[in-house]
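Trainee: Need coordinates for the below:
(2 chains)
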Amino acid sequence: MRDLYQKVSCSLGDILNTEYPDFEISLPLWEISSKEEFGDFSTMVALKVASKIKEDPLEVAAKIKEKLKKKLPEIDNIGILKPGFINLFFPKEHLISSFNKLLREREEYFASKKEKNVLIEFVSANPTGPLSIAHGRQAVVGDVIANILEFSGNKVTREYYVNDEGRQIDLLVESVGERVKEIEGKNFSLPPDGYLGEYVKIIAQEVIKQKPKDLKSFVIPFILSWIDRDLRDLGVKFDTWESQKELIDNGKVEEAVDFLKKKRLTEEKEGALWFLSTRFGDDKDRVLIKKDENYTYFSSDVAYHKYKMERKFNKLINLWGPDHHGYIKRVKAAVKALGFKEEVLEIIIVQLVAIKTKQRMSRRKGTAIPLYDLVKEVGADAARFYYLMRKNSSHLEFDIDKAKEISFENPLYYVQYAHARICSVFKKAGVNNIQLTHTKFLKDEKEFLLLRKILQLSCCLDKAYNTLEPVFLIEYLKNVAACFHKFYEERRILDEEANVRLARLNLLEATRIVLACGLNILGIKPMEKM
RNA sequence: GCGCCCAUGGCCCAAUGGAUAGGGCAUCUGGCUUCGGACCAGAGGGUUGCAGGUUCGAGUCCUGCUGGGCGCGCCA
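Mentor: The predicted model follows:
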């Protein structure tokens, strides 16, 4: 389907270039038809062109159709509908040959070879406590974006940036210290903005047990081990953990600041050192070194991004929470000032998880809902699927009191059920490996409905890849499952005569491959029974 | 005060300025002596927050209003 899609896109692009050179082409030209009666692919370029040149859309569509017919003689059915849509119907032989290829190559059929070296940084929550369910979304979305990139042939490094330096860390360590005193029965007083969560007491107990020499260098790794464990329980594993403290200790921050200084992009004023970020599109200049001679968080971030670039990645992706929205301009400014191309860095804002409770989630106040509670309650797979059900930019409603319903009503099980049903049919049929013949015995319209649907996976993956939105894969898998369940209800498989039976078993196997492929990319294990 | 985002059936969400505004949950009605009923088929439910405007065409774009969320540190 992918090769067909590309061919069809090129043909249409050529026609537009020669017939309507003034028309600016915006991709994608074709989209998967929203309804079966609209064929395999639809386009509304005729409408766009017509509005630009003030002609009748239907006439433009007719003209384009004639040109398309000449370029694509193998496609016998091209339709035009009401306002000016052009719809393509692929002949069955095309679908059958794609079907054969799919069965031969299996998941590989949908893979591609982009061969970029990508760094994706996500979660990066301060090590000041266990991860919350809000971080869970960042973790799963980042992980699945990484999977999508990997499946498309890129080399991907998953990185967690550890903010192990600064005021929040000091506050937490101080809070632990006071809790230690409390447990030991001494006088204690929590700092004004100290951390109030119960976990602080757990750490304090651990401190008493292990009696570390230095509190800070004990507490942070301890919390990081929690974070790592919670992420693994969710099925997310990082390749590298970059420490902010190490960037400072290794002189990388100093180096980055000096670099900007030498380029005369800094200025001393009011006792502080400022980066002239307004020269690169920022709203105001930013402090690099504070009056008290300490580096700001921003200055280590400049160094961090410099260090990212130096590691020879051709694409950097950052996943941030919406609270960092105002931070984008200054980091992009820094990237430009450091002499790198701005487009290399892509920043995705993943919205927070909205909680249906009166109280606001705060880790410091100890009111955040821990990620491990959710995973314990519903399991990693259901949590992952649920997290991916909205676009990155959409708020995700999350009612923790309904966590059990999340697992029971999770559409994941609709998809898993389709996979398990297919496995069950194979078990009943008593076949282990399917022969790749008999695909030519697919004749029934119901069969082709399902076949068309499963072949769309490559287009769906392209869309998810281009937009970095895993939600399209979720929607697609729900769609495939629905299509399969319907087919299963309408047509028998095992009690048909031999040729049809084998053809349908092949169709089921292809459907199973598609479902498994999609689920694997989502980091979810397909179930053979449930 | 400045800036950003959101408002779509009872609830949660879809819909690159384009095809009859779609789907899930909930409600109601049907469907297993037959490959798994965690399924399928069907029904009801909408003036897309309000008022204008732009055009062949507006849920989508512009202006104003109402109601909600968030960001605006030499915090991290």
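
Trainee: Point out where the stretch 1-150 of chain A drops to low pLDDT.
Mentor: Residues of the stretch 1-150 of chain A that meet the criterion pLDDT under 70 lie in A:27.

Trainee: what residues does the stretch 51-200 of chain A put near RNA strand B?
Mentor: By the rule Cβ under 7 Å from any atom of the strand, the part of the stretch 51-200 of chain A lying against RNA strand B is A:51, A:57, A:81-83, A:85, A:87, A:126, A:163, A:165-169. Any C-beta I mention is one placed from the backbone N, CA and C, and that applies to glycine too.

Trainee: Show me those residues that map onto helices.
Mentor: A:Ser51, A:Pro57, A:Arg167, A:Gln168, A:Ile169 (DSSP state H).

Trainee: Just the buried residues of those.
Mentor: A:Pro57, A:Gln168, A:Ile169 (16 or more other Cβ atoms under 10 Å).

Trainee: Show me which of the residues you listed is closest to A:Arg452.
Mentor: A:Pro57 (26.7 Å; Cβ to Cβ).

Trainee: Of the buried ones among the ones in helices among the residues of the stretch 51-200 of chain A next to RNA strand B, which is the nearest to RNA strand B?
Mentor: A:Gln168 (4.5 Å; Cβ to the nearest atom of the strand).

Trainee: Let me see the contact set for the residue lying closest to A:Ile454 once chain neighbours are set aside.
Mentor: Take A:Ile454 and drop its neighbours on the chain: the residue closest to it by Cβ to Cβ, 6 or more residues apart in numbering is A:Val514, 4.4 Å away. For A:Val514, the contact set (Cβ atoms under 8 Å, 6 or more residues apart in numbering) comprises A:Phe110, A:Ile454, A:Leu457, A:Val480.

Trainee: and the nearest residue to A:His438 once chain neighbours are set aside, how many neighbours?
Mentor: Counting by Cβ to Cβ, 6+ apart, A:His438 lies nearest to A:Leu502, which is 4.0 Å off, once chain neighbours are set aside. Look at A:Leu502: counted by other Cβ atoms under 10 Å, it has 21 neighbours.

Trainee: if I read this right, A:Leu502 contacts A:Ala429, doesn't it?
Mentor: No - using Cβ atoms under 8 Å as the test, A:Leu502 is too far from A:Ala429 to be in contact (9.7 Å).

Trainee: overlap in contacts of those two?
Mentor: Jointly contacting A:Leu502 and A:Ala429 under the rule Cβ under 8 Å, 6+ apart is no residue at all.

Trainee: so A:Ala516, which of the three states?
Mentor: helix (DSSP: H, G, I helix; E, B strand; the rest coil).

Trainee: do you know how far the closest residue in space to it that isn't next to it in sequence is from RNA strand B?
Mentor: Using Cβ to Cβ, 6+ apart and skipping the chain neighbours, the partner closest in space to A:Ala516 is A:Pro526 (4.4 Å). As judged by Cβ to the nearest atom of the strand, to the nearest Å, A:Pro526 and RNA strand B stand 11 Å apart.

Trainee: which residues touch A:Pro526?
Mentor: Taking Cβ under 8 Å, 6+ apart, one finds A:Gln416, A:His419, A:Arg512, A:Leu515, A:Ala516, A:Leu519, A:Asn520 in contact with A:Pro526.

Trainee: closest to RNA strand B among those residues?
Mentor: Out of those, the member with the shortest distance to RNA strand B (by Cβ to the nearest atom of the strand) is A:Gln416, at 7.2 Å.

Trainee: how many other residues sit next to the closest residue in space to the closest one that isn't next to it in sequence?
Mentor: The shortest distance from A:Gln416 to any non-neighbouring residue, by Cβ to Cβ, 6+ apart, is to A:Met527 (4.7 Å). A count of nearby residues for A:Met527, using other Cβ under 10 Å, gives 16.

Trainee: these two touch, right, A:Met527 and A:His419?
Mentor: Yes - using Cβ under 8 Å, A:Met527 is in contact with A:His419, at 6.2 Å.

Trainee: Which strand or helix spans the residue positioned nearest the centre of chain A?
Mentor: By Cα atoms, centre = their mean, chain A has its centre lying nearest to A:Ile145, at 3.2 Å. In this assignment (DSSP states H and E), A:Ile145 forms part of helix A:133-151.

Trainee: what bits of the stretch 301-450 of chain A have low per-residue confidence?
Mentor: A:354-363, A:365-367, A:398-405, A:432-437.

Trainee: Of all residues in it, which one is closest to RNA strand B?
Mentor: A:Ser424 (3.0 Å).

Trainee: need the contact list for that residue.
Mentor: Contacts of A:Ser424 (Cβ under 8 Å, 6+ apart): A:Lys529.

Trainee: Okay, strands next: where are they in the stretch 351-500 of chain A?
Mentor: All strands of the stretch 351-500 of chain A, identified by DSSP state E, counting those that start in this stretch, fall at A:353-355, A:396-398.

Trainee: mind giving me the domain ranges of chain A?
Mentor: When chain A is parsed with automatic domain parsing, its domains come out as A:2-90, A:407-521.

Trainee: Would you mind finding the most buried of those?
Mentor: Of all the domains of chain A, domain A:407-521 has the most neighbours on average by mean count of other Cβ atoms under 10 Å, namely a mean of 18.

Trainee: Distance of A:Glu377 relative to A:Cys483?
Mentor: 31 Å (Cβ to Cβ, to the nearest Å).

Trainee: er, A:Leu316 actually
Mentor: Applying Cβ to Cβ to A:Leu316 and A:Cys483 gives a distance of 38 Å.

Trainee: Over to A:Leu522?
Mentor: 18 Å.

Trainee: Setting aside sequence neighbours, what's the nearest residue to A:Gly194?
Mentor: Closest to A:Gly194 by Cβ to Cβ, 6+ apart is A:Ser175, at 4.1 Å.

Trainee: list the contacts for the one you found?
Mentor: Contacts of A:Ser175 by Cβ under 8 Å, 6+ apart are A:Leu190, A:Pro191, A:Gly194, A:Tyr195, A:Leu196, A:Val200.

Trainee: Surely A:Glu342 and A:Val331 touch.
Mentor: No - between A:Glu342 and A:Val331 there is no contact under Cβ under 8 Å: 10.2 Å.

Trainee: Neighbour count: these two, which is higher?
Mentor: A count of neighbours by other Cβ under 10 Å puts A:Val331 above the other of A:Glu342 and A:Val331, at 22 against 12.

Trainee: The more buried one: helix or strand, and which one exactly?
Mentor: Assigned by DSSP H and E, A:Val331 falls in helix A:328-337.

Trainee: which strands and helices sit next to that helix?
Mentor: strand A:272-275, helix A:297-310, strand A:345-349 (3 or more Cβ pairs under 8 Å, 6 or more residues apart in numbering; DSSP states H and E).

Trainee: Quick one: the ones you listed as TSV, columns for distance to A:Gly153 and mean neighbour count too.
Mentor: Below are the helices and strands packed on helix A:328-337 laid out as TSV (distance: least, Cβ to Cβ, whole Å; neighbours: other Cβ atoms under 10 Å):
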stretch	distance to A:Gly153	mean neighbour count
strand A:272-275	37	20
helix A:297-310	21	20
strand A:345-349	18	17
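
Trainee: can I get those in CSV with distance to RNA strand B?
Mentor: Listed next are those as CSV, based on distance: least, Cβ to the nearest atom of the strand, whole Å:
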stretch, distance to RNA strand B
strand A:272-275, 3
helix A:297-310, 3
strand A:345-349, 9
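
Trainee: starting at the chain centroid, how far to the longest strand anywhere in chain A?
Mentor: In terms of residue count, the longest strand belonging to chain A (DSSP state E) is strand A:155-162. From the chain centre to the centre of strand A:155-162 is a distance of 14 Å (Cα atoms, centre = their mean, to the nearest Å).

Trainee: Please apply the same query to stretch A:340-358.
Mentor: 11 Å.

Trainee: With just CA atoms, put it into PDB.
Mentor: Extracted in PDB, the C-alpha atoms of stretch A:340-358 (Å, rounded to 0.1, in the frame of the first residue of the first chain):
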ATOM      1  CA  PHE A 340      23.300  24.800  15.000                       C
ATOM      2  CA  LYS A 341      20.300  24.600  12.800                       C
ATOM      3  CA  GLU A 342      17.100  25.300  14.600                       C
ATOM      4  CA  GLU A 343      15.100  22.600  12.800                       C
ATOM      5  CA  VAL A 344      17.300  19.900  14.200                       C
ATOM      6  CA  LEU A 345      15.500  20.400  17.600                       C
ATOM      7  CA  GLU A 346      11.900  19.500  17.800                       C
ATOM      8  CA  ILE A 347      10.000  20.300  21.000                       C
ATOM      9  CA  ILE A 348       6.800  18.500  21.600                       C
ATOM     10  CA  ILE A 349       4.500  19.800  24.400                       C
ATOM     11  CA  VAL A 350       2.600  16.900  25.900                       C
ATOM     12  CA  GLN A 351      -0.300  18.200  27.900                       C
ATOM     13  CA  LEU A 352      -0.700  17.300  31.500                       C
ATOM     14  CA  VAL A 353      -3.100  14.700  32.700                       C
ATOM     15  CA  ALA A 354      -6.100  16.500  34.100                       C
ATOM     16  CA  ILE A 355      -7.300  14.900  37.300                       C
ATOM     17  CA  LYS A 356     -10.900  14.900  38.400                       C
ATOM     18  CA  THR A 357     -10.300  16.000  42.000                       C
ATOM     19  CA  LYS A 358     -10.600  19.300  43.700                       C
END
